[in-house]
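In: take this sequence and fold it.
(one chain, ligands or ions: 1)
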Amino acid sequence: MTSTEKTIQIRNLTKRYAGNAVVDRVSLDVADGEFVTLLGLSGSGKSTTLMTVAGFVDPDEGAIIISGRDVTALEPEKRNLGVVFQNYALFPHLNVFDNIAFPLKMRGVAKAKIETEVGRVLDLVSLQGYGQRRISQLSGGQQQRIALARALVFAPRVLLMDEPLGALDRQLREQLQTEIRRIHRQLGVTILYVTHDQEEALSMSDRIAIMAHGRIQQVGTPSEIYLSPSNRFVAGFFGESNFLDVSLERSDGSNVILRPKTAPGIALRAAHRQQSGGTPASVMVRPEAIAIDTASDATFDNNLAGTVEHIDFLGATTRIVVRTEAGPMTVRTGRLDAVTRIAPGSEVWLKWQATETMAYPADTQEAAPENPAAEPQSAG
Ligand SMILES: Nc1ncnc2c1ncn2[C@@H]1O[C@H](COP(=O)(O)OP(=O)(O)OP(=O)(O)O)[C@@H](O)[C@H]1O
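Out: Sure thing, here's the model as predicted:
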């Protein structure tokens, strides 16, 4: 990404409330036309970050640069950003047309042009002919479409969206997710999106930034984050995972040999390149990376014996919980031939490769201290 391709640049952003950094040195670039989502639990600082980009919150430190221009000190309405927030309500006393026309009237656009542009965005959100409706006569989903139309009517290059589908039921959410993706493709607009919903983030985003405790934990494509979570927090937060606490025995060629704390008699192997720095203190393996069968197999780097505790048939895949000496392990398999040979109580072998084993040092067990402002921190 060259700097001209970076439509949004968030530079070392910090926001404190009562001395507490709720956004803590956040930096993130969003390329022209890219769809980037801030994903995290409630209170992780997603909304505050987005509100700072929008200009509704003043940062204590850091800068917001939009299309190469530092807008940190600029009023929200001068930033020319489209915004759709869950609580950024439509004007109830105005009809649909006047709601959508509002940003154009503010900008002194001529009446004829307003008519054309409102018509264009009503088409875009598939609500042609709704101009004269009152807001109270619209469903929740239609209201969010109107909010989207109002945000897009002045053709902003950047759209900021904070849980725009949060108040809608599942079916409507999915329908509007598809529409937002279509509009994103159609207009090529740059989107910074906030959600706590993993599936929503996965299905919509080019890249995802995982936030916790006011910090970005990892930025990447959905598959990068899933396949190589950079710390234990991300590994546990994003997708299903098995964790074992381990201690390091030694290095062996391209692998490290690790001993589970609960079963020091067992050796587990993780590939060096799957380590995220420091001495490994825990390992993670995804349930679908584990093969399950009644025999061990030396072609796998890791073989772990266990007893099947229970089996859930889930259609396309089967979820199997196995008690092992090292601790309980969850396996997900689509291979019914293996599953038909086992039942609760069966003695089985769990098998996976060193390259499927992520190893994390102790200091990434937690994303950050609970109260970041209260403790000294090292950078990075
Ligand atoms: N105006 C404010 N005054 C004091 N504390 C605030 C203020 N705004 C946000 N906070 C605190 O900052 C932290 C981060 O809030 P933020 O809304 O950014 O999180 P979030 O990840 O968007 O969560 P949610 O999904 O619940 O909106 C929270 O602990 C919140 O209570």
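
In: so, low pLDDT: which residues of the chain?
Out: For the chain, the stretches with pLDDT under 70 are 1-4, 87-88, 338, 363-380.

In: for it, what's the longest helix?
Out: helix 170-187 (DSSP state H).

In: what helices or strands is the next helix or strand after it leaning on?
Out: Downstream of helix 170-187, the first helix or strand assigned by DSSP states H and E is strand 190-195. On a contact count with 3 or more C-beta pairs under 8 Å, 6 or more residues apart in numbering; DSSP states H and E, strand 190-195 meets strand 6-17, strand 20-31, strand 35-40, helix 46-54, strand 158-162, helix 198-204. In this view, the C-beta of every residue, glycine as well, is placed from N, C-alpha and C.

In: between strand 35-40 and the longest helix of the chain, find me the angle.
Out: Going by axes from the mean of the first three to the mean of the last three C-alpha atoms, to 10 degrees, helix 170-187 is angled at 140 degrees with respect to strand 35-40.

In: the residue positioned nearest the centre of the chain bridge partners, please.
Out: Geometric centre of the chain, nearest residue: residue 39, 3.4 Å, by C-alpha atoms, centre = their mean. Beta bridges link residue 39 to residue 195, residue 210, judged by DSSP bridges.

In: cool, residue 14 as well?
Out: The partner residues for residue 14, given DSSP bridges, come to residue 61.

In: the residue nearest to residue 277 when sequence neighbours are not counted - how many residues pack around it?
Out: In this structure, residue 277 finds its nearest non-sequential neighbour in residue 361, 6.0 Å apart by C-beta to C-beta, 6 or more residues apart in numbering. Close neighbours of residue 361, defined as other C-beta atoms under 10 Å, add up to 17.

In: can you give me the buried ones in stretch 100-113?
Out: 100, 101, 102, 103, 104, 109 (16 or more other C-beta atoms under 10 Å).

In: farthest-separated two in those residues?
Out: Spanning the widest gap among the buried residues of stretch 100-113 are 100 and 109, at 11.9 Å by C-beta to C-beta.

In: still on that earlier bit, pretty sure the residue nearest to the centre of the chain contacts residue 208?
Out: Yes: between residue 39 and residue 208 there is a contact under C-beta atoms under 8 Å: 5.2 Å.

In: closest one to the ligand out of the buried residues of stretch 100-113, please.
Out: For the buried residues of stretch 100-113, the closest approach to the ligand (C-beta to the nearest ligand atom) belongs to residue 103, at 24.5 Å.

In: appreciated, that's everything.
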